[in-house]
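J.: heads up, no residue letters with this:
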């Protein structure tokens, strides 16, 4: 009921209480036939009505005013605002209503403080510290945030955990299941002070807190499993590196002996005329030498990877010409069926890098061009960027090229080009090549489709082009 309606009803009631007795008395006067009774009755009725109106107004002001003040205060309480304590209250219905509102304000303020402390506690939890630390911290936070005397968290089936019965006058036992989704992790139990009113809102807050504990426990378990798996992966990676180092070193000796016997066999074949029993030229010693050299380079790649991972590979820079090393690398590759072209525009500039490591990069690039070029011509161009002090070596072929989706992964470990069905090799050539180039202060990049051709003015319709960039020195005058 609005204040205006209450005001009208009280005023009407008071006026009726004042006018009705006067009216009854007036009827008696009129019945007696007294002279001037009508005038007297009318005057009495008007006076009674005015008195009733005045008294009603005073009563309305004394009732509606405090009610409106209590209503405004209740609006502020429900909005979460802080309200000042009420002054001394009268011992009547309004006083008791105001007292109950004061209790409500205290409960709301207490619960707001509990919610704020609970939120602060939950956001401060660190599942990465482990489940044991989380349970210990959550029990302390439950006591401090929710105003409990004590609290503990028992893991396991909640049905198997005994909950105390409530004893009047004793601390009230409270509990809430640790529920995350449909998974029941345990139960949060504790005691609330005997003087504390435990209402449904308090139980709801306890259950929300327990659910947050369950979620944090689940996250802690997931993080622990991830950490365990990461540790296992690190251990496996270390074992793999140890294996690669061991197998690389152990393969070097038999490979050296194979090459030595291949050279001895080649000498014997040459001394006997260089022909096989069939009368054809005997290429068996050459094939053995080529394949053992190829295998030796693969072993060196594996050894280089292990040294890169352990951080013990340090370049020893020297000054040397790149073109002769490119020719030697191509001859060692033994790809006589593939056309080869070298265009040297270095103008006497010399590379400044570790020559053995550069040889590994050159062999990887040339081998890659032969393997994935589909038998097309392999072209190499040398040029310099004098202002930057860099020399650029580009190796290009006219094969099927590199798919856009493969461009980034080509320089990762064990990656092979998707354009060829050839699974020969380790898949480490470009990975090792880029790592060695960067270790020597340069880089190894795959040219874009619009600049695949290493020759100005020539557009390659297909194929791939890789560019090795190295520090360089200008030729010495005189």
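T.: Arrived safely. Because the structure is a prediction, the values reported are computed rather than measured.

J.: check the secondary structure at residue 198 for me.
T.: What DSSP: H, G, I helix; E, B strand; the rest coil gives for residue 198 is coil.

J.: now do the same for it: its pLDDT.
T.: As predicted, residue 198 sits at a pLDDT of 84.

J.: residue 416 too?
T.: Each residue has a pLDDT score; the one for residue 416 is 63.

J.: where in the stretch 301-450 of the chain is pLDDT low?
T.: The model of the stretch 301-450 of the chain has pLDDT under 70 over residues 306-307, 310, 312, 415-426, 449-450.

J.: quick one: residues contacting residue 464.
T.: Neighbouring residues of residue 464 by C-beta atoms under 8 Å, 6 or more residues apart in numbering: 369, 372, 373, 396, 397, 399, 401, 402, 446, 447, 452. Just so you know, the C-beta spots here come from the backbone N, C-alpha and C atoms, and that holds for glycine as well.

J.: quick one: contacts for residue 267?
T.: Neighbouring residues of residue 267 by C-beta under 8 Å, 6+ apart: there are none.

J.: what are the boundaries of the strands in this protein?
T.: Shown for the chain, the strands assigned by DSSP state E span residues 150-155, 172-180, 183-192, 318-320, 340-344, 350-353, 378-385, 390-397, 443-446, 465-473.

J.: how about residues contacting the third one?
T.: Residues outside strand 183-192 that contact it (C-beta under 8 Å, 6+ apart) are 138, 142-143, 146-158, 161, 163-164, 171-179, 198, 202, 206, 209-210, 213-214, 217-218.

J.: mind giving me the ChimeraX command for buried ones among those?
T.: The ChimeraX selection below is limited to those of the contacts of strand 183-192 classed as buried (16 or more other C-beta atoms under 10 Å):
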select :138,142,146,147,148,151,153,154,158,171,172,174,175,176,177,178,179,202,206,209,210,213,214,217,218
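
J.: return the subset of the contacts of residue 464 lying in helices.
T.: 369, 372 (DSSP state H).

J.: could I get the contacts of residue 464 as CSV with distance to residue 183?
T.: Output for those, formatted as CSV (distance: C-beta to C-beta, whole Å):
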residue, distance to residue 183
369, 57
372, 52
373, 57
396, 59
397, 58
399, 56
401, 52
402, 48
446, 49
447, 54
452, 57
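
J.: what is the nearest of the contacts of residue 464 to residue 343?
T.: Set against residue 343, the nearest of these by C-beta to C-beta is residue 396 (10.6 Å).

J.: okay, that closest one and residue 185: tell me how far apart.
T.: 62 Å (C-beta to C-beta, to the nearest Å).

J.: can you check residue 383 too?
T.: Distance of residue 383 to residue 185, computed by C-beta to C-beta: 67 Å.

J.: now residue 358
T.: Distance, residue 358 to residue 185, by C-beta to C-beta: 60 Å.

J.: and these two? Which one has more around it.
T.: residue 358 (26 against 23; other C-beta atoms under 10 Å).

J.: quick one: residues contacting the more buried one.
T.: Residues in contact with residue 358 (C-beta under 8 Å, 6+ apart) are 322, 325, 351, 436, 440, 468, 470.

J.: and for residue 179?
T.: With C-beta under 8 Å, 6+ apart, residue 179 has these contacts: 185, 210, 211, 214.
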